[in-house]
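Student: Let's see this in three dimensions:
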Amino acid sequence: MKRYDIINSTAISNYGLITSAQAVELGVRLKDLLEWVKIGRLEKCWRGVYRLVHYLPTEYDRYAEALATVGHDAMIWGESVLAMHNLAMVNPEKIEVATTRRVRRELPVWINLIRLQGAPPQDFFNGIRCQPLAEAFRHCKGKVMTHRLAEAVGEAEQKGLLGLTEVEALKKEFPL
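Tutor: Numbering: from 1, shown residues only. This next block holds a predicted model:
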């Protein structure tokens with residue numbers, strides 16, 4: 001299998017993104033990534049993050065790009081989790097990304113980095129690591145209007161995004 005085909009198959013399963021660390025793990029040289037950028041097969045998004053040029057965008061690309069930019073243990077956090085699930089009519093200006101480690105690289109202005117102590121619980125939504133939805137609702141208490149959160153709990157229940165015990169507990173915390 002050619003080196004670009006290896007990168008292509010990995011990136012397609014990751015919202016068109018490939019990091020330089022992933023490329024090295026796959027046995028592809030950084031020199032090759034730079035060559036593919038030069039000839040127009042890849043575009044450089046941020047330091048160490050590349051996107052396939054021929055990839056068709058989805059509504060979740062920005063979240064995946066934020067995680068790839070911050071690093072391997074990052075997760076979408078807070079209001080951004082609700083926005084990713086299309087709940088509570090939230091549209092944060094910046095994507096909240098949480099991590100337990102120190103991030104020294106310069107991040108884009110559209111990422112709000114949150115440093116966590118200890119390993120928090122995590123979940124996945126469409127292959128994107130995030131804070132569990134029930135925890136995101138609790139985290140947004142006081143930041144998002146309570147009636148919006150209450151309506152969003154009902155909507156999440158209808159979509160099957162929450163378990164029965166989570167729904168019952170959240171309905172007590174956010175009564176309509």
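Student: Spatially central residue (nearest the centroid) of this protein, please.
Tutor: Closest residue to the average C-alpha location of the chain: Tyr63 at 3.5 Å, with C-alpha atoms, centre = their mean.
Student: So it sits against Asn86, correct?
Tutor: No. Checked against C-beta atoms under 8 Å, the pair Tyr63 and Asn86 is beyond contact range at 12.0 Å. Yep, even glycine has a C-beta here, placed from its N, CA and C like the rest.
Student: can you give me the helices in this structure?
Tutor: Along the chain, counting by DSSP state H, helices occupy 3-12, 20-25, 30-39, 61-70, 79-84, 133-139, 146-159, 164-173.
Student: buried sites along the third one?
Tutor: Of the residues in helix 30-39, those scored as buried under the neighbour-count criterion (16 or more other C-beta atoms under 10 Å) are Leu33, Trp36.
Student: Tell me which other helices or strands that helix touches.
Tutor: With contacts taken as 3 or more C-beta pairs under 8 Å, 6 or more residues apart in numbering; DSSP states H and E, helix 30-39 sits against helix 3-12, helix 20-25, strand 42-46, strand 49-52.
Student: Quick check: buried residues in the longest one?
Tutor: Put plainly, it is helix 3-12. Buried residues in helix 3-12, counting neighbours by 16+ other C-beta under 10 Å, are found at Tyr4, Ile7, Asn8, Thr10, Ala11.
Student: with those in mind, which one is nearest to Glu25?
Tutor: The closest of the buried residues of helix 3-12 to Glu25 turns out to be Thr10 (C-beta to C-beta; 9.3 Å).
Student: gap between that closest one and Cys45?
Tutor: Separation of Thr10 from Cys45 (C-beta to C-beta, to the nearest Å) stands at 15 Å.
Student: any idea of the pLDDT on the nearest residue to Thr10 once chain neighbours are set aside?
Tutor: With sequence-adjacent residues excluded and distances taken as C-beta to C-beta, 6 or more residues apart in numbering, Thr10 is closest to Ile18, at 5.9 Å. Here the pLDDT value assigned to Ile18 is 95.
Student: need the contact list for Ile18.
Tutor: Contacts for Ile18 (C-beta atoms under 8 Å, 6 or more residues apart in numbering) come out as Ile7, Thr10, Ala11, Leu33, Leu42, Val49, Tyr50, Arg51, Leu52.
Student: change it to 6 Å
Tutor: Ile7, Thr10, Ala11, Tyr50 (C-beta atoms under 6 Å, 6 or more residues apart in numbering).
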